[in-house]
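Prediction below, plus the sequence it came from.
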Amino acid sequence: CTIKHEDHAQCLKLIQKAMANPSETDYVKDLYVTVGVYLGYALAQYCEFYAIDHVMILGRVSKGAGGDLMLETAKKVLQREFPEYAHIEFHTADDHFKAVGQCIAAAALPEIK
């Protein structure tokens, strides 16, 4: 595999830095909107198989203003396109835990025997 996580992490850091800079926000906000649309549609699809009321959002992509925009967009998708799932509540952690949360959550998973 030639994909390196470090390259993607550095790219995300640049996107987040641009999102925090008012003169660059317009250039990158559509990335977060797009991810939010995908999240909303993915949750609706999962709801075809699972009863979902609460979703915990972790990971560096959910940090800062971009992460907020992503979640707002996902909620709008659910409200407009899938009103039967608009009740789903999103839960987030503080920004530090978001940055490392996926690693902690993965380490805490039970062993499957």
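Done, it's in.

contacts, neighbours, all on C-alpha from now
Fine.

Skipping adjacent residues, who's closest to residue 90 in space?
Nearest residue to residue 90, sequence neighbours excluded (Cα to Cα, 6 or more residues apart in numbering): residue 55, at 5.0 Å.

The one you found - that's part of a strand, no?
Yes. Counting by DSSP: H, G, I helix; E, B strand; the rest coil, residue 55 falls inside a strand.

Next, count neighbours for it.
Using other Cα atoms under 10 Å, residue 55 is surrounded by 12 other residues.

do you know how far it is from residue 12?
To residue 12, residue 55 is 22 Å away according to Cα to Cα, to the nearest Å.

Could you do residue 87 as well?
30 Å.

Equivalent analysis for residue 63, please.
10 Å.

Who has more neighbours out of the two?
Using other Cα under 10 Å, the more surrounded residue of residue 63 and residue 12 is residue 63, with 21 against 14.

So what sits opposite residue 92 in the bridge?
Beta-bridge pairing for residue 92 (DSSP bridges): residue 57.

tell me the pLDDT at it?
Per-residue pLDDT puts residue 92 at 85.

again with residue 57
Reported pLDDT for residue 57: 88.

now do residue 104
The predicted structure scores residue 104 at 63 on the pLDDT scale.

And for the one 3 residues further on?
The predicted structure scores residue 107 at 66 on the pLDDT scale.

Residue 50 too?
Looking at residue 50, its pLDDT reads 95.
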